[in-house]
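Colleague: quick one: sequence plus predicted model below, questions after.
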Amino acid sequence: MRVWSRNTLENGLFTALVGPTTVPELAVALDPEAPFVLMSDHTPIAGGWQDVLVPFTARQGLQPVRATVRRLRFDVLLETAAFLGLVPDLAGFGATIRQFRKRPRADVDFYDARPGPRAAKYRAFDLTVSIELPHAHEAALLACVGEAELQAALTRIASVDG
């Protein structure tokens with residue numbers, strides 16, 4: 001996988017572009033020792049109407065309602081092993097994936113448009129790697145709070161890239 005445009009941003013994050021790629025190819029960048037993966041704004045259903053089971057309210061999380069939807073978007077927090085088990089089904093999707101050593105709080109906005117506060121939130125929850133892949137088979141942006149973390153993620157990618 002091609003790696004280019006390695007940078008150190010003003011907010012202290014270390015970034016690299018990789019690709020073209022897919023979520024399964026990028027999943028190897030995750031640290032197997034870090035316990036939490038946050039997948040933000042996951043949109044498994046978009047486009048035409050589809051019949052699905054959805055929790056219509058927070059109280060119905062375990063008793064979903066049959067509904068016909070055309071778009072469904074959510075944030076999901078998974079243990080790393082559980083996320084890796086779902087990865088093969090994500091080959092056709094783009095994704096925003098952040099892996100943390102500390103469990104992220106539900107009230108924290110990791111999409112903060114201000115680079116400094118966003119980087120501070122990443123540090124507070126001990127981000128290992130952030131992966132932003134707009135669509136499958138496009139370039140992805142990897143971001144880490146330290147240069148060593150970025151190099152480790154890129155090394156994990158290279159180890160399966162051959």
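Modeller: Sure, I can see it. None of these values were measured; they are calculated from a predicted model.
Colleague: need the contact list for Leu38.
Modeller: Counting by C-beta atoms under 8 Å, 6 or more residues apart in numbering, Leu38 touches Asp75, Val76, Leu77, Ile97, Arg98, Gln99, Phe100, Pro104, Phe110. Where C-beta positions appear, they are placed from N, C-alpha and C, glycine not excepted.
Colleague: from these, which land in helices?
Modeller: The members of the contacts of Leu38 all map outside helices under DSSP state H.
Colleague: just the buried ones out of those, please.
Modeller: The neighbour count (16 or more other C-beta atoms under 10 Å) marks Leu77, Ile97, Arg98, Gln99, Phe100, Pro104, Phe110 as buried among those.
Colleague: thinking again about what came up before, can you convert the contacts of Leu38 into a markdown table and add a column each for pLDDT and distance to Gly61?
Modeller: Shown next, in a markdown table, are the contacts of Leu38 (pLDDT from 0 to 100; distance: C-beta to C-beta, whole Å):
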| residue | pLDDT | distance to Gly61 |
| --- | --- | --- |
| Asp75 | 93 | 14 |
| Val76 | 95 | 12 |
| Leu77 | 97 | 14 |
| Ile97 | 98 | 23 |
| Arg98 | 98 | 23 |
| Gln99 | 98 | 24 |
| Phe100 | 98 | 23 |
| Pro104 | 97 | 19 |
| Phe110 | 93 | 22 |
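Colleague: can you redo the residues you listed as TSV with distance to Asp126?
Modeller: Formatted as TSV, the contacts of Leu38 follow (distance: C-beta to C-beta, whole Å):
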residue	distance to Asp126
Asp75	18
Val76	19
Leu77	15
Ile97	15
Arg98	11
Gln99	10
Phe100	6
Pro104	10
Phe110	13
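Colleague: between those, which is nearest Ala136?
Modeller: Here the nearest of the contacts of Leu38 to Ala136, counting by C-beta to C-beta, is Ile97; it sits at 13.3 Å.
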